[in-house]
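[1] the following block contains a protein sequence and its predicted model.
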Amino acid sequence: MRAHGAVAIRAEHVSKQFRLGKQRNQFPTLRESLTSGALRVVRGVASLGRGRAEDAADPTLLRALEDVSFEVRQGETLGIIGANGAGKSTLLKVLAQVTEPTSGRAEVHGRLGSLLEVGTGFHHELTGRENVFLNGAILGMTRNEIRTRFDEIVAFAEVERFIDTPVKFYSSGMYLRLAFAVAAHLEPEILLVDEVLAVGDAAFQQKCMGKMDEVAREGRTVLFVSHNMTAMEGLCDRLIWMRDGRIAQDGPTREVVSDYLRTYLTTRTETAWLDASTAPGNEQVRMHAARVRPRDGRAGDAISVETPFVLEFEYRPDSAGLLPSLHLFNDEGVVVFNVGPTEPSPWRERRERGTLVRDVCHVPANLLNDGVHRVAFCLSKGNDVVFWLDDVLTFDVRDSVAQRGEWYGKWAGVVRPLLEWETGSLP
Amino acid sequence: MSPEASVTIIQPSRGWVSLRLGALWRYRELLYFLVWRDVKVRYKQTVLGASWAILQPFFTMLIFSIFFGKLARMPSDGVPYPLFAYVALVPWTFFANGLTLSSNSLIANQGLLRKVYFPRLVIPLAAVASGLLDFVIAFVVLFGMLVWYGIVPTWHVLWLPALVVLALVTSLGAGLWFSALSVMYRDVQYVVPFLVQVWLYSTPIVYPASLVPAGWRTAYAINPMVGVVEGFRWALLGTGTAPGPMILVSALAALAMTFGGLVFFRRMERTFSDMV
């Protein structure tokens, strides 16, 4: 936590509405407007662009922001999370004065720089050098400011050799690096950042995050919109969770992230079928419950890549010798593993019918990669599948901040084991 | 910029908004860079580069001279027809290109509009101003023609800067209207070329203003380009009208159109980033 000073941004009851349908998706032709708009013109040109009273019940009206109020102190790093279309980007655009609020008021104290998109205004025919000056001017830097920081910008972007080459010959990585470098050297008191981390290669993302962290540590105010929860946890003190244009939650990062994940990811860490007549099953088996929980916790408790956890299945077999197994899928639908008991004799020898049994599968720490995982449960007898239940459990394996160090991107791979390494010099 | 002093208040603008020309002044460097970009890109992207600035009015002049001058025997106030036409075509080309470019400028720069804040007026203004270099280049050729025809300009040439400003204001005024409209109505991009053509023939370029009955000339000058073209001919060739009622009417018409355009543009500005 850093010490925070005076108010940097204050938003009071900010709302923003868009008109959906024709006017947004498809541009009206003059003829349409001349005919339909003739009446409006008669009512007076003065009403042009003004909000209209009849909008209240209009279904084509999208309320992108509704009654949003919050305060950001100087030096604070505030993250904004939410599903697509929740109003995060609109909020930044209102603060950046790109779009006007429909009602409400906001105050911005100090020079504000926005990174709503990397490379805004870059022209592919111009050289790197020319684009630095152009982009800098677009972002609000004076020529002198750009000149004094020029070498630093170019060095940060690592494009020294190509600075006098038109950017159309740049690789996309070089292009992004240069674009980010200009924006990063804007040195505003308040920086708005929208999803820059969604672009570029791993090394570039790391560099961006490092720079943003540096900006934040210098005591400047940062507002940061992202889907990357790990980045959020690494950078932000406080989070605002936007939902349907409103602030759903505003609080310490860890708290908001876990609440957000619990709601946003439709996870199902525990299912119980209390009524046997509607529970999934057949004449040989009837499900009772399933859950996933940390080895030392309850269903619903967070599971990270470092948490050993168990998968539990409760059912009433009506047939002898049913052997359980499960498929575990990752969020791309890849089967991470398919396992059954290594020593199946207790199941094979099972003779009780109609009694409730519980099978428990232990998954060690440092096996799964982070992300949402789904479980399919299967019972078989010999070579026949007797019962199969898809998506019986869906749960999120969270990333671990402690393991990561400087790197905030997604770790590649279906699994993420911790393996032993050694090193030694050869004679 | 001192940090303590800069507090930005963001709220919906209501009713008639101020023109905020002060903000435009603060963003003069951006204006400079946008002009610079437009010029640079235009010259880089085209094979013939800067020579377009000459070729466009020059070939138009050739065609006009053959068909209107030679074949139709259009009167030219006693001046050789090629010179008569070219003197008019230089400011006209500046005006027509400025109008076309500024009308499309908001659409062409929609990426900027959606992502960054700055006074939107900078965009059409830069589009018009970027034609000034072309104008200067075309003017050099005009100078050569004056020498070729042995015409020595008088002190009247001192009026030229004012006339160029009038052409610029006219171009910007119309461009403001059309660029603001183009955000809402994409038809504008088809309207403008047609309008430029009609405007060309309602301006004394292929014919002298003296063809218009004397009683109607002042009314004729409501088209601001009448004042610009006649002014150019008077200043360089010593023909036509001295700056008098006609040019005054043209100037007033241009100012009215531009002021209206500014107000309209500012009023529509709030919707630009949502519409483009």
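    Here it is on my side, so go on. If you're wondering where the values come from, they're calculated on a predicted model, not measured in any experiment.

[2] what's residue A:107 in contact with, if anything?
    A:7, A:9-11, B:7-10 (Cβ atoms under 8 Å, 6 or more residues apart in numbering or on different chains). C-beta coordinates here come from the backbone N, C-alpha and C atoms, glycine included.

[3] among those, which are in strands?
    Cross-referencing these against strands under DSSP state E gives A:7, A:9-11, B:7-10.

[4] can you select the buried ones from those in ChimeraX?
    To isolate the buried members of the ones in strands among the contacts of residue A:107 in ChimeraX, using 16 or more other Cβ atoms under 10 Å in any protein chain shown:
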select /A:9,11 /B:8,10
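
[5] using a markdown table, lay out the ones in strands among the contacts of residue A:107 together with distance to residue A:213 and pLDDT.
    What follows is these, written out as a markdown table (distance: Cβ to Cβ, whole Å; pLDDT from 0 to 100):
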| residue | distance to residue A:213 | pLDDT |
| --- | --- | --- |
| A:7 | 23 | 89 |
| A:9 | 20 | 93 |
| A:10 | 25 | 93 |
| A:11 | 25 | 93 |
| B:7 | 27 | 82 |
| B:8 | 26 | 82 |
| B:9 | 31 | 84 |
| B:10 | 28 | 85 |
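
[6] of the ones in strands among the contacts of residue A:107, closest to residue A:122?
    Minimum distance to residue A:122 across those is 25.7 Å, recorded for residue B:8 (Cβ to Cβ).

[7] how much space between that closest one and chain A?
    Computed with Cβ to the nearest Cβ, to the nearest Å, the distance linking residue B:8 and chain A is 4 Å.

[8] which residues touch the closest residue to that residue other than its chain neighbours?
    Nearest in space to residue B:8, with sequence neighbours left out and distances taken as Cβ to Cβ, 6 or more residues apart in numbering or on different chains, is residue A:108 at 4.3 Å. Residue A:108 makes contact with A:8-9, A:95, A:190, B:7-8, B:10, according to Cβ under 8 Å, 6+ apart.

[9] biggest helix in chain B by residues?
    helix B:245-275 (DSSP state H).

[10] quick one: buried residues of that helix?
    B:246-247, B:249-251, B:253-254, B:257-258, B:261-262, B:264-275.

[11] that one near chain A at all?
    Yes. Helix B:245-275 reaches chain A (Cβ under 8 Å from any Cβ of the partner chain) through B:267-268, B:270-271, B:273-275.

[12] for residue A:112, give me its contacts.
    Counted by Cβ under 8 Å, 6+ apart, residue A:112 has contacts A:95-96, A:188-192, B:8.

[13] how about residue A:72, phi and psi?
    phi -120, psi 130 (degrees, to the nearest 10).

[14] any idea which helix or strand in the chain has the lowest mean pLDDT?
    Just going to use chain A. helix A:22-25 (a mean of 42; mean pLDDT, DSSP states H and E).

[15] ah, I was thinking of chain B
    Min over SSEs of chain B, mean pLDDT, DSSP H and E: helix B:21-26 (a mean of 81).

[16] ok, then the element right after it?
    Per DSSP states H and E, the first helix or strand lying C-terminal to helix B:21-26 is helix B:28-45.

[17] CA atoms of that next one as CSV?
    Only the C-alpha atoms of helix B:28-45 are listed here, as CSV (Å, rounded to 0.1, in the frame of the first residue of the first chain):
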residue,chain,number,x,y,z
ARG,B,28,-1.7,24.4,-32.0
GLU,B,29,1.2,21.9,-32.0
LEU,B,30,-1.2,19.1,-32.8
LEU,B,31,-2.6,21.2,-35.6
TYR,B,32,1.0,21.6,-36.9
PHE,B,33,1.7,17.9,-36.7
LEU,B,34,-1.5,16.9,-38.4
VAL,B,35,-0.9,19.3,-41.3
TRP,B,36,2.7,18.0,-41.5
ARG,B,37,1.4,14.5,-41.5
ASP,B,38,-1.2,15.1,-44.2
VAL,B,39,1.4,16.8,-46.4
LYS,B,40,4.1,14.2,-45.8
VAL,B,41,1.8,11.3,-46.4
ARG,B,42,0.3,12.7,-49.5
TYR,B,43,3.7,13.4,-51.0
LYS,B,44,5.0,10.0,-49.9
GLN,B,45,2.1,8.0,-51.1
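
[18] I'd like to know which elements it is packed against.
    Secondary structure elements in contact with helix B:28-45, counted by 3 or more Cβ pairs under 8 Å, 6 or more residues apart in numbering or on different chains; DSSP states H and E, are helix A:128-138, helix B:122-129.

[19] figure out which of the ones you listed is closest to residue A:183.
    Using Cβ to Cβ, the nearest of the helices and strands packed on helix B:28-45 to residue A:183 is helix A:128-138, at 7.7 Å.

[20] report all helices and strands that the helix or strand that the closest one is followed by contacts.
    Going down the chain from helix A:128-138, the next helix or strand is helix A:143-157, by DSSP H and E. Here helix A:143-157 touches helix A:128-138, helix A:172-184, going by 3+ Cβ pairs under 8 Å, 6+ apart.
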